[in-house]
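J.: any chance you could fold what I've pasted below:
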Amino acid sequence: MENAARDEVIVVGGGVAGLTTAVVLAERGRRVRLWTREPAERTTSAVAGALWWPYHIEPLAAARAWALRSLDVYEALAGEPEATGVRMVEGVLGETGWDEVAGWASARLPGLRAATAREYPGAGLWARLPLVDMSVHLPWLRERLSRAGGVVEERGVSALAQVPAAVVVNCTGLGARELVPDPAVRPVRGQLVVVENPGVRTWLVSTAEDGAMAYLFPQPGRLLLGGTAEDGVWSTEPDPAEAEAIVRRCAVLRPEVAGARVLEHRVGLRPVRDAVRLEREALPDGRTVVHNYGHGGAGVTVAWGCAEEAAALAGTG
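T.: Residues are numbered from 1 along each chain as shown. You can find the predicted model right below:
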C-alpha cells in the first residue's frame, strides 16, 4: 500500500495482547496506532479472571517461557497495585502436583508447598501468584501506551491488507477466525459470577473428576466465582442455571460464599487455538504482518513475553 507510513506500526486488537504489544513497540521507539473495534473494557480480556498461570495453552515450552517473562513484569507492577491492578496473592492450585512446576517454575515461586487435606480436599499446591484486576489494568495499559506516544483508535478492520502501515500486528484473538481467516481459532465459553466478598482472601482453582471447574478470585471490593469451559459455544448470554451451579461448586470449597449477594454475571469467549500463532508473514505487496493470537485462557499470563517476541518480529530488535 503506497501510503503506508514506513516507520509506523498498526496493532489491530484492543485486548490485553494488543495493548501490551502496542506498549512494548511504542516504548521501543516505534510510532504506534492501535485499532480496536471496541474499548478494552468491552473485550474478552475485561472478563478474564486473570490469575497468572499457563492455562490450557500450547506450545507448552514456549508458553512457559512467555509466562516467566510476564511474571518478571507482573512482580514489578505489583509494587503499585492501586495503579496497575496487579497484586501478588496466595492461593491453591487444585489438582496440581510438584511435577507440574518442577524444572520450569518452582525456582521462581518461593513458598510453594503442598496443600493439606484440611486446606483442600485433593492434591493441590499453595502458590503466591500475580492476580490482575482487569478493570484497573486495561486502562493503565492504555494510559501507558499514551505516555509512550501511542494512539488508540476505535475502528474495525475487514482485511489486514487494507491496514495502511508498513508493519501490521494482528492481535485480534477470536476475530482472527474471520479476519485472517483462520478457522483453527475457536471460542471456549467462560461464565463467572461476581459477588460481594464475604471475607475470602486467597484464590482457589479446582477441577472435579467430571471436568467441572470452580475458582474463586478475590478482587478489591468483589469476589469472582467461576467457571465454565464450553468448547465451540458462541453465546455471550449468562445462563442462570449455570450461574447457580457455579455458586454451588464454589460454596462446596468455601462455604462462606453461599448466599453472597450477586453483583454481576459475566461471559467471555476465550480465543483458543491448538497452538498460539506468533509469527511473521509477508503480505502480497511486501509489507509485514506479525500474528500474535490464539492464547486461549492464558492471554494475561503470557502477555508480556508474547508482546516482546512480537515486537522483535516487527523489527524492533
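J.: hey, let's count contacts and neighbours off CA atoms from now on
T.: Noted.
J.: read off the pLDDT value for residue 2.
T.: Residue 2 carries a pLDDT value of 43.
J.: so what would you say the end-to-end distance of stretch 165-184 is?
T.: Taking Cα to Cα, to the nearest Å, stretch 165-184 runs 26 Å from one end to the other.
J.: and if you look at stretch 159-176?
T.: 10 Å.
J.: just the mean pLDDT for it, thanks.
T.: For stretch 159-176, the mean pLDDT works out to 96.
J.: and if you look at stretch 121-129?
T.: 94.
J.: got a list of contacts for that stretch?
T.: Outside stretch 121-129, the residues that touch it by Cα atoms under 8 Å, 6 or more residues apart in numbering are 51-52, 88-98, 109-115.
J.: one more pass at 6 Å, please.
T.: For stretch 121-129, the surrounding residues in contact (Cα atoms under 6 Å, 6 or more residues apart in numbering) are 88-96, 112-115.
J.: repeat that for stretch 19-35.
T.: Applying Cα under 6 Å, 6+ apart, the contact partners of stretch 19-35 are 8-12, 145, 148, 150-155, 307, 311.
J.: give me the buried entries from the residues you listed.
T.: Buried by 16 or more other Cα atoms under 10 Å: 8, 9, 10, 11, 12, 145, 148, 150, 151, 152, 307, 311, out of the contacts of stretch 19-35.
J.: nearest to residue 173, of those residues?
T.: residue 12 (9.8 Å; Cα to Cα).
J.: look up the residues forming beta bridges with that closest one.
T.: residue 35, residue 170 (DSSP bridges).
J.: span of stretch 124-139 from start to end?
T.: One end of stretch 124-139 to the other measures 34 Å (Cα to Cα).
J.: which pair of the contacts of stretch 121-129 spans the longest distance?
T.: 88 and 95 (21.2 Å).
J.: flag the shaky bits of the stretch 101-250 of the chain, pLDDT-wise.
T.: Counting by pLDDT under 70, the stretch 101-250 of the chain contains no low-confidence segment.
J.: contacts for stretch 88-99?
T.: By Cα under 6 Å, 6+ apart, stretch 88-99 touches 123-130, 202-206.
J.: what residues sit buried inside it?
T.: 88, 89, 90, 91, 92, 93, 94, 95, 96.
J.: cool, and stretch 56-70?
T.: 56, 57, 58, 63, 64, 65, 66, 67, 68, 69, 70.
J.: secondary structure element for the fourth one?
T.: Under the criterion of DSSP states H and E, residue 63 resides in helix 60-77.
J.: elements contacting that helix?
T.: Here helix 60-77 touches helix 299-311, going by 3 or more Cα pairs under 6 Å, 6 or more residues apart in numbering; DSSP states H and E.
J.: tilt between the helix it packs on and helix 60-77?
T.: Per axes from the mean of the first three to the mean of the last three Cα atoms, to 10 degrees, the angle that helix 299-311 makes with helix 60-77 is 100 degrees.
J.: counting contacts, what elements does helix 299-311 pack onto?
T.: Looks like helix 299-311 contacts helix 16-27, helix 60-77 (3+ Cα pairs under 6 Å, 6+ apart).
J.: that helix relative to helix 16-27, how many degrees between them?
T.: 40 degrees.
J.: pull helix 299-311 out as PDB, backbone CA atoms only.
T.: The C-alpha trace of helix 299-311 is given here as PDB (Å, rounded to 0.1, in the frame of the first residue of the first chain):
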ATOM      1  CA  GLY A 299      -3.700 -14.300  27.500                       C
ATOM      2  CA  VAL A 300      -2.800 -12.300  30.600                       C
ATOM      3  CA  THR A 301      -0.300 -14.900  31.700                       C
ATOM      4  CA  VAL A 302       1.800 -14.700  28.500                       C
ATOM      5  CA  ALA A 303       1.000 -11.100  27.500                       C
ATOM      6  CA  TRP A 304       4.400  -9.500  28.100                       C
ATOM      7  CA  GLY A 305       6.500 -12.500  26.800                       C
ATOM      8  CA  CYS A 306       4.400 -12.700  23.600                       C
ATOM      9  CA  ALA A 307       4.500  -8.900  23.200                       C
ATOM     10  CA  GLU A 308       8.300  -8.700  23.300                       C
ATOM     11  CA  GLU A 309       8.600 -11.600  20.800                       C
ATOM     12  CA  ALA A 310       6.000  -9.900  18.500                       C
ATOM     13  CA  ALA A 311       7.900  -6.600  18.800                       C
END
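J.: now the element after the helix holding residue 63, going C-ward?
T.: helix 81-84.
J.: turn the contacts of stretch 121-129 into TSV, including secondary structure and distance to residue 276.
T.: Compiled in TSV, the contacts of stretch 121-129 are given as follows (DSSP: H, G, I helix; E, B strand; the rest coil; distance: Cα to Cα, whole Å):
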residue	secondary structure	distance to residue 276
88	strand	26
89	strand	27
90	strand	28
91	strand	27
92	strand	27
93	strand	24
94	strand	25
95	coil	25
96	coil	23
112	coil	28
113	strand	31
114	strand	31
115	coil	32
